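J.: Quick one: sequence plus predicted model below, questions after.
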Amino acid sequence: MARRPRILVVNDDGVHGEGLEPLLAALSALGDTAAVVPERERSADSHCLSLRSPLRVRRVRPGFFAVDGSPADCARLGALELFRRPDLVVSGINRGFNLGSDVVYSGTVAGAMEGVILGVPALAVSRGSGRGDHCAAAAIAVRVCREILRRGLPSGVCLSLNVPALPLKRIRGIRTTALGRRIYGRKVTLRKDPYGLPYYWLAGRYVSGHSDPGSDIAAIREGFASLTPLHVDTTHRATLPHLRRWKFTL
């Protein structure tokens, strides 16, 4: 009898993330699962690791652990200690898309990328923030996971899946895409606390993007789920010949 795949689930929305339980339920049909997730929401934590503070783990139930750390912490701790030797890391389901340059900030993507750094194939799953359950996103994630387990991924590559906030029957399919171009609000809000001391909010209210042909943003706007390969190696190789022509005097 073939061994069932071992699937480690992480996220950045924490133990109460709306997409966590639907994802675990869907993936349980595919393999043996464990969840290692942050104790609280850690959205936009990017790829930070807790190197100067201890990580405390709370066992919520068998196969479900809460960690007072980042999504990348959860992936590393899960794969190396709490759920050793997983065959696949799945990060999500995130509340809200991770499109274009969102992936630079995303804790969800960082959880998947940490799996890749550890040599484990990985998928990040995000869903639009509209109303409805996460069943469609979970069902599509399982389809993608099945293919990853069957075909594998190139070294250093994870996949980022974004799913419209629509019922499954209204999603037009899965389109392979490149990252699009996001536009963020640039407003910084200054306020004062009850003691009269200033503080700032960096979060802008307005996020949009260019629907370039072949981009993840275009796919979502046209009613498709988008599937984008991301690489740990961020070297822009086309610029290397240009830099080699620079003259430095030391």
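T.: Cool, got the structure. Numbering: from 1, shown residues only.
J.: Chain neighbours aside, what residue packs nearest to residue 63?
T.: Spatial nearest neighbour of residue 63, chain neighbours left out: residue 34 (4.5 Å); criterion: CB to CB, 6 or more residues apart in numbering. From N, CA and C alone the C-beta is placed, and that goes for glycine too.
J.: Checking my notes, the one you found in a strand, right?
T.: Yes - counting by DSSP: H, G, I helix; E, B strand; the rest coil, residue 34 is part of a strand.
J.: any idea how far it lies from residue 40?
T.: Plainly put, residue 34 is 20 Å away from residue 40 if you go by CB to CB, to the nearest Å.
J.: same deal with residue 152?
T.: To residue 40, residue 152 is 34 Å away according to CB to CB.
J.: repeat for residue 212
T.: Distance from residue 212 to residue 40, by CB to CB: 36 Å.
J.: Looking only at neighbour counts, state which of those two leads.
T.: Comparing residue 212 with residue 40 by other CB atoms under 10 Å, the one with more neighbours is residue 212, at 15 against 11.
J.: Quick check, pLDDT for that one.
T.: Looking at residue 212, its pLDDT is 89.
J.: so what's it closest to, chain neighbours aside?
T.: Excluding the flanking residues, the one nearest residue 212 by CB to CB, 6+ apart is residue 180, at 5.7 Å.
J.: helices and strands around the lowest-mean-pLDDT helix or strand in the chain, which ones?
T.: Least confident element among the helices and strands of the chain, by mean pLDDT, DSSP states H and E: strand 207-210 (a mean of 78). Applying 3 or more CB pairs under 8 Å, 6 or more residues apart in numbering; DSSP states H and E, one finds that strand 207-210 contacts strand 181-184.
J.: Just list what the strand it packs on packs against, helices and strands only.
T.: strand 207-210.
J.: Just checking the distance from the strand it packs on to the centre of its chain.
T.: The chain centre lies 19 Å from the centre of strand 207-210; the measure is CA atoms, centre = their mean, to the nearest Å.
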